[in-house]
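Student: I would like the atomic coordinates for the input below:
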Amino acid sequence: MTNKRGPRRPPRRKPHEATPTEAEPSADASEEWAYGIHTLEEMLNSNDAAIDEIVIAGEAQGKLANLRQEAQKQGHFVRRRPKSYFNRLLGPVNHQGVAIKLRKFAFSELSDLLVDPEQKALLCLVGVQDPGNMGALVRSARAFGATGVIYTQRDSCGVNATVHKTSAGATSSLPIARVRNLSRAMEEMREAGWWLLGLAGEGQDEIDRFDLIRPTIFLLGTEGKGLPPSIRKQCDALLRIPMVPGWDSLNVAASGAIALYEWHRQRRKQEES
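Tutor: As a prediction, this is how the structure comes out:
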């Protein structure tokens, strides 16, 4: 018997509901995403060329609407997607309804960071595996006037979405270089005129009594273990952060922030005098 009914119609969708293909994330393992309102704001303020596209949840309002307008003004492609899209794309993170698809991160060359060391500071991160710590260190470096960050490619988390987020967008405006052979890189740093200062709890010099008015590279080690002995031996000095009796432990992000602040404080004092 011939079926006289016409083609079956697809079910009617609710207003503003994305199609299944629209709702499915397009990310794969090779794609890198950042997220969060503050991250997007910082990237737009710096006219970051790393932005590939921007995804915003639903009808943007308030600050998010202003950021969408600024993004479109700068020529960025902006899409709107339901909130469920972000959860599938990014997982259980505080994305604030914003996802930024990034082009492949543009690392700086180590040699470019070492040029003209006078009155400058750099961070060198040795095996930092927690992306929250790395992002916080990049943020502190940007806040206190360091001119770049170096990290060891081996046993490090790398510059990922969490690093972008916790840096509050500082990854878009601060040069970052990665090195494979740290011992060789340290030789290059020293030859370029930099002082290599390791942070260690058993350091002989207290950081607030050490003269930091010099081209400074602070070396910070992995969470828990600190700097490897082979790297400590190559440092020009090992500095410790003075603490109250009975307490001698800070995580790497806090130690780096204190070291950078002390360098910044000494430099300001010199400029004022």
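
Student: check contacts around residue 152.
Tutor: 125-127, 178-180, 182 (Cβ atoms under 8 Å, 6 or more residues apart in numbering). (C-beta placed from N, C-alpha, C; glycine too.)

Student: try 7 Å
Tutor: Residue 152 makes contacts with 126-127, 179, 182, as judged by Cβ atoms under 7 Å, 6 or more residues apart in numbering.

Student: And residue 212, by the same measure?
Tutor: Counting by Cβ under 7 Å, 6+ apart, residue 212 has contacts 262-263, 266.

Student: If we use 6 Å, what do you get?
Tutor: Residues in contact with residue 212 (Cβ atoms under 6 Å, 6 or more residues apart in numbering) are 263, 266.

Student: Same check on the one 10 residues further on?
Tutor: Listed by Cβ under 6 Å, 6+ apart, the contact partners of residue 222 are 127-128.

Student: what residues does the longest helix that the chain contains touch?
Tutor: Scanning the chain for the longest helix, with DSSP state H as the assignment, gives helix 252-272. Under the criterion Cβ under 6 Å, 6+ apart, residues 121, 133, 136-137, 140, 144-146, 199, 207-208, 212-213, 216, 218, 220, 223, 241 lie in contact with helix 252-272.

Student: Please apply the same query to stretch 102-122.
Tutor: 32, 34, 50, 52, 146-148, 159, 175, 177-179, 192-194, 215-217, 263.

Student: for that stretch, how far is the first residue from the last?
Tutor: End-to-end distance of stretch 102-122 (Cα to Cα, to the nearest Å): 25 Å.

Student: Go through the contacts of residue 152 and flag which are in helices.
Tutor: Going by DSSP H, the helices hold residue 182 from the contacts of residue 152.

Student: Which members of the contacts of residue 152 are the farthest-apart pair?
Tutor: Using Cβ to Cβ, those reach their maximum pairwise distance at 127 and 179, which is 11.8 Å.

Student: Tell me the predicted confidence for residue 23.
Tutor: With respect to pLDDT, residue 23 has a value of 39.

Student: Quick one: mark the members of the contacts of helix 252-272 that sit in strands.
Tutor: Assigned to strands by DSSP state E, the following of these qualify: 121, 199, 216, 218, 220.

Student: Neighbour-wise, which one of these leads?
Tutor: Most neighbours among the ones in strands among the contacts of helix 252-272, by other Cβ atoms under 10 Å: residue 218, with 27 neighbours.

Student: Only the buried subset of the contacts of stretch 102-122, as a PyMOL command please.
Tutor: Per 16 or more other Cβ atoms under 10 Å, the buried members of those correspond to this PyMOL selection:
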select buried, resi 32+34+50+146+147+148+159+175+177+178+179+192+194+215+216+217+263
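
Student: measure the residue nearest to residue 263 when sequence neighbours are not counted to residue 142 for me?
Tutor: Nearest-residue entry for residue 263: residue 212, 4.6 Å, with adjacent residues in sequence omitted and distances by Cβ to Cβ, 6 or more residues apart in numbering. From residue 212 across to residue 142, the span is 18 Å (Cβ to Cβ, to the nearest Å).

Student: partner residues bridging residue 34?
Tutor: residue 100 (DSSP bridges).
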